[in-house]
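> I'd like to go over a predicted model; first the sequence, then the structure.
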Amino acid sequence: MTFKNLQLDSAMLRAVERVGYSEPTPIQRRAIPPLLEGRDLVGCAQTGSGKTAAFALPIVQMLAPAHGRRRIRVLVLAPTRELAAQIDEEFGKFGREKALRHVAIFGGVGQQPQVEALRRGVDIVVATPGRLQDLMDQGCIRLDAIDFFVLDEADRMLDMGFIHDVKRIIKRLPKARQTMLFSATMPQTIQDLSRSILTNPVHVEANPHSTTVENVAQSIYFVEGGDKRALLKHILKDPASERVLVFTRTKHRANRLAQQLNRARIPAEAIHGNKSQTARTKALARFKSGQTAVLVATDIAARGLDIESVSHVINFDLPNIPESYVHRIGRTARAGASGIAYSFCDVNERKFLREIESLIRQPIAVVGEHPYQSTINAPPMPTAAGNAPKPSRNRRRRRSRANRRARIA
């Protein structure tokens with residue numbers, strides 16, 4: 001199937017060709033036709049599946065040219081600054097054919113340039129809930145002309161505590177609108193929200209977990225916690241590790257690891273929620289350009305970062321939420337591409353590994369030999385029947401008591 005089969009007009013087909021898209025991804029094939037029919041939609045898809053184009057292309061096609069003063073006709077809510085900036089960039093690519101104006105609204109930077117853009121008039125606003133709510137409270141933005149509303153990464157909104165801000169914003173939107181909700185997972189809270197804000201929606205799914213898992217070569221390293229840094233340096237010596245995204249569990253750990261890598265003459269930068277938006281943007285730009293070989297991040301980078309040619313994702317710390325693992329490794333398998341993901345697992349993370357393997361429904365291949373192999377938490381080796389270990393003394397006593405009770409019964 002090609003984009004020509006999705007009822008896109010000539011302007012959108014030119015835009016698709018200009019950005020280099022060859023064929024639609026599963027979520028694009030399933031979402032674009034019903035959206036062009038004006039249907040509300042619930043989509044289960046993660047970042048990296050081509051989801052942004054799945055809603056941006058039909059919205060831009062359906063937007064009539066602006067006459068007179070521009071009013072905001074499209075509102076997209078995203079949970080993070082990086083994702084908001086990425087979506088805004090995509091609308092810029094597709095909206096060029098119609099000379100549409102767009103702006104990203106998020107915190108961490110001064111609001112004045114955003115306010116000035118709104119005063120000049122825009123067609124499309126991509127925003128994080130917090131900054132948008134602030135500007136609404138200040139009377140800087142009106143949402144009474146919205147024709148299209150997109151709630152992206154709804155489950156992430158819930159995780160980050162934005163759901164109440166989202167509900168307040170939705171109350172300010174006109175009832176007559178086309179609404180789209182996208183989420184990587186569908187917990188009950190998100191299902192309830194979708195029923196309250198959408199009308200007879202179409203449900204589409206891109207099977208995100210299996211798609212990501214199939215496209216990424218995954219390996220697990222059993223290692224002592226204190227040897228993780230040495231193992232990371234060992235792996236980064238491989239010339240194939242050209243552009244590596246490393247995930248840690250905490251902000252402090254990300255900062256410290258980036259500093260340690262730089263001391264070892266491995267160019268690295270950290271990105272997390274405590275960094276200013278300016279610092280985060282610069283770090284991403286240097287990583288994308290190749291100036292920085294390693295980007296050390298918390299789960300803020302697990303969604304919303306569209307970085308081409310990430311050679312490896314390394315889970316320095318396994319996430320305690322199994323879905324985060326799928327999002328993380330998806331940074332190296334963008335829109336159907338293949339990738340490599342390594343994960344370090346110490347004795348305290350074995351339970352996280354079991355949960356991850358349960359979610360993806362397959363075991364992760366174990367790297368059996370490496371310089372920092374842990375023997376404490378390595379999987380138990382199977383034993384031959386003739387060499388099975390004898391049960392412990394307490395276990396023999398329990399078995400004996402059970403046998404006596406069985407005879408009495």
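Right, received. Where do you want to start?
> Might you list the low-confidence residue ranges for the stretch 151-300 of the chain?
Judged by pLDDT under 70, the stretch 151-300 of the chain has its weakly predicted residues at 207-213.
> quick one, strands of the stretch 101-250 of the chain?
For the stretch 101-250 of the chain, the strands defined by DSSP state E, counting those that start in this stretch cover 102-105, 124-127, 148-151, 178-183, 202-205, 216-222, 244-247.
> Adjacent strands (with direction) for the longest one?
Sheet partners assigned to strand 216-222 using DSSP bridges are listed as strand 339-345 (parallel), strand 365-366 (parallel).
> Please identify the most buried of those strands.
Compared across those, strand 339-345 shows the largest average neighbour count, a mean of 23 (mean count of other CB atoms under 10 Å). For every residue, glycine as well, the C-beta is placed using N, CA and C.
> and for that one, what are the contacting residues?
215-223, 228, 231-232, 235, 310-318, 325, 328-329, 331-333, 352-353, 364, 367, 377 (CB atoms under 8 Å, 6 or more residues apart in numbering).
> after that strand comes which helix or strand?
Counting by DSSP states H and E, the next helix or strand C-terminal to strand 339-345 is helix 350-360.
> And that following helix, what does it pack against?
helix 208-215, helix 322-329, strand 339-345 (3 or more CB pairs under 8 Å, 6 or more residues apart in numbering; DSSP states H and E).
> Mean neighbour count and distance to Leu295 added to the strands of the stretch 101-250 of the chain, as JSON lines?
Putting those into JSON lines (neighbours: other CB atoms under 10 Å; distance: least, CB to CB, whole Å) gives the following:
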{"stretch": "strand 102-105", "mean neighbour count": "24", "distance to Leu295": "21"}
{"stretch": "strand 124-127", "mean neighbour count": "26", "distance to Leu295": "23"}
{"stretch": "strand 148-151", "mean neighbour count": "23", "distance to Leu295": "28"}
{"stretch": "strand 178-183", "mean neighbour count": "24", "distance to Leu295": "25"}
{"stretch": "strand 202-205", "mean neighbour count": "16", "distance to Leu295": "30"}
{"stretch": "strand 216-222", "mean neighbour count": "20", "distance to Leu295": "18"}
{"stretch": "strand 244-247", "mean neighbour count": "27", "distance to Leu295": "5"}
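> Format the ones you listed as TSV; extra columns: distance to Asp88.
Output for the strands of the stretch 101-250 of the chain, formatted as TSV (distance: least, CB to CB, whole Å):
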stretch	distance to Asp88
strand 102-105	4
strand 124-127	4
strand 148-151	12
strand 178-183	16
strand 202-205	24
strand 216-222	28
strand 244-247	22
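> can you pull out the helices in the stretch 51-200 of the chain?
For the stretch 51-200 of the chain, helices defined by DSSP state H, counting those that start in this stretch occupy the ranges 51-62, 81-95, 112-120, 129-137, 154-159, 163-171, 188-197.
> circling back: buried only: go through the contacts of strand 339-345 for me.
With neighbours counted by 16 or more other CB atoms under 10 Å, the contacts of strand 339-345 contain buried members at 215-216, 218, 220-223, 228, 231-232, 235, 310, 312-318, 325, 328-329, 331-333, 352-353, 364, 367, 377.
> Now do the same for Arg401: its pLDDT.
Per-residue confidence for Arg401 comes out at a pLDDT of 46.
> actually Ala333, not the one I typed
Model confidence at Ala333, given as pLDDT, is 64.
> mind giving me the domain ranges of this structure?
Here the domain assignment for the chain is 3-206, 210-366, based on automatic domain parsing.
> Which of the ones you listed sits closest to Tyr372?
domain 210-366 (4.1 Å; CB to CB).
> so how far is that closest one from its chain's centroid?
In terms of CA atoms, centre = their mean, to the nearest Å, the gap separating the centre of domain 210-366 from the centre of its chain is 13 Å.
> now do stretch 86-103
Its chain's C-alpha centre lies 21 Å from the corresponding centre of stretch 86-103 when counted by CA atoms, centre = their mean.
> Name the residues of it that are buried.
So for stretch 86-103, counting by 16+ other CB under 10 Å, buried means 86-88, 90-91, 93-95, 97-98, 100-103.
> and those as TSV, adding distance to Thr292?
Compiled in TSV, the buried residues of stretch 86-103 are given as follows (distance: CB to CB, whole Å):
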residue	distance to Thr292
Gln86	19
Ile87	24
Asp88	23
Glu90	24
Phe91	27
Lys93	25
Phe94	29
Gly95	31
Glu97	34
Lys98	36
Leu100	33
Arg101	33
His102	28
Val103	28
